[in-house]
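Q: Okay, predicted coordinates and the sequence, questions at the end:
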Amino acid sequence: MKTLFKLLKKSSCIYVDDELRKDFCLKRFKANKIRTFDANSHYCLKNTISHNLTAFEHFGVDFEMQRSKRLIFAVLADESINYNSKILIVGPRSENELIFLQSLGFKNVYGLDLISYSNLITLGDMHSIPFSSNKFCSVICGWTLSYSKTPRLAIREFSRVLKPSGCLAIGLEHAKRVEKSIRSCDSRLIDKNESLKNRINSKKDILKLFPKNKIKYVNYVYDAELKQESTKNIFRKTGLHSSQVMVVLKINK
């Protein structure tokens, strides 16, 4: 039994467990310094970096939310994705998605973020991705595109680094009141000159970002089915403060 435990401890498969993964990533976080991208992108909302740095004050939240898993599993349903596929996670922050995918056996998982404490994550801007064209089998942009003032540019970059017939996944929160944020923390992301009126807020908003005839087909859609319910009911059912929007698709290159 002790030998088996030692083998499991060395294996990344144990980090499929949320608590073990959180403890592992927290140790890595405490052992390293946070780095930030040198150029605070003018394509992003003004306080994107400072807002996301505050998330490290509540490190465990990323591991308690299940929304990332739902988006990942929707991607993995694609038969073209295998354990050798190169997968890019945009905005992984705490390493949660990266370590989770590795624990499932995926060998080529990359991260890109404006902030990082991790050697698994490349510092960079999703509007100018520092990877070569046609590199990835899948790009997963979970709860990051809403920080962009120019989401079409980010979409072009996702498309560029994807291989032909690559899989693009986008997740975001649905805001019930677009002009007024449903959560006070969102106010840190904007100033008096930056309105939420153009926020991407639905499946329709995501699909409109693509030029005509660029979408090959849509694999999966979840369009904030709980959006009409109260915030209290949504939290009781999902552990989240709002309903979610998720789209997985393939594009024509």
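A: The structure has been received and is ready for your questions.
Q: contacting residues around stretch 62-69?
A: Applying CB atoms under 8 Å, 6 or more residues apart in numbering, the contact partners of stretch 62-69 are 18-19, 21-22, 25, 55, 93-94, 96-97, 100, 142-143, 171, 238-240, 244, 246. All C-beta spots, glycine's among them, are computed from the backbone N, C-alpha and C.
Q: Between the two ends of it, what distance do you get?
A: Between the opening and closing residues of stretch 62-69 we find a distance of 11 Å, counting by CA to CA, to the nearest Å.
Q: Which stretches in the stretch 101-250 of the chain count as helices?
A: Remark: helices of the stretch 101-250 of the chain, listed N- to C-terminal, are 151-161, 203-207, 231-238; assignment by DSSP state H, counting those that start in this stretch.
Q: ok now the last one, how far from the chain's centre?
A: In terms of CA atoms, centre = their mean, to the nearest Å, the centre of helix 231-238 is found 21 Å from the chain centre.
Q: So for residue 253, which of the helices of the stretch 101-250 of the chain sits nearest?
A: Proximity to residue 253 (CB to CB) singles out helix 151-161 among the helices of the stretch 101-250 of the chain, at 6.9 Å.
Q: pLDDT on that closest one, on average?
A: The average pLDDT for helix 151-161 rounds to 97.
Q: Check what contacts it and list those residues.
A: Contact partners of helix 151-161, identified using CB under 8 Å, 6+ apart, comprise 43, 88, 90, 126-129, 131-136, 139, 141, 145, 148, 168, 200, 209-210, 214, 251, 253.
Q: Show me which of the helices of the stretch 101-250 of the chain has the highest average neighbour count.
A: With neighbours defined as mean count of other CB atoms under 10 Å, the helices of the stretch 101-250 of the chain peak in mean count at helix 151-161, which reaches a mean of 20.
Q: For the top helix by length along the chain, name the packing helices and strands.
A: Residue-count comparison of every helix in the chain, with assignments taken from DSSP state H, identifies helix 18-31 as the longest. Judged by 3 or more CB pairs under 8 Å, 6 or more residues apart in numbering; DSSP states H and E, helix 18-31 is in contact with helix 61-64, helix 96-103.
Q: where along this protein do the strands fall?
A: Counting by DSSP state E, the segments of the chain that form strands are 35-36, 86-90, 108-113, 115-116, 121-123, 136-142, 162-173, 215-223, 244-251.
Q: dump the residue contacts of residue 96.
A: If a contact means CB under 8 Å, 6+ apart, then residue 96 has 21-22, 25, 62-63, 68 as its contacts.
Q: Going by neighbour count, which of these are buried?
A: Buried residues within the contacts of residue 96, counting neighbours by 16 or more other CB atoms under 10 Å: 21-22, 25, 62-63, 68.
Q: Residue 221: which of those is nearest?
A: Closest to residue 221, out of all of the buried ones among the contacts of residue 96 and judged by CB to CB, is residue 68, at 17.2 Å.
Q: what pLDDT does that closest one get?
A: Each residue has a pLDDT score; the one for residue 68 is 95.
Q: got it, and residue 176?
A: pLDDT for residue 176: 77.
Q: One more: the one 4 residues further on?
A: We note a pLDDT of 45 for residue 180 in this prediction.
Q: again, but for the one 4 residues further on
A: Model confidence at residue 184, expressed as pLDDT, equals 43.
Q: picking that back up, mind putting the helices and strands packed on helix 18-31 into CSV with distance to residue 234?
A: Written out in CSV, the entries for the helices and strands packed on helix 18-31 read as follows (distance: least, CB to CB, whole Å):
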stretch, distance to residue 234
helix 61-64, 15
helix 96-103, 21
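Q: Nearest to residue 205, out of these?
A: In this view, the helices and strands packed on helix 18-31 are compared for proximity to residue 205 by CB to CB, and helix 96-103 is the closest at 22.9 Å.
Q: Please report how far the residue nearest the centre of the chain lies from residue 75.
A: With distances taken as CA atoms, centre = their mean, the chain has residue 142 as the residue nearest its mean C-alpha position (2.3 Å). Using CB to CB, to the nearest Å, residue 142 is found at 10 Å from residue 75.
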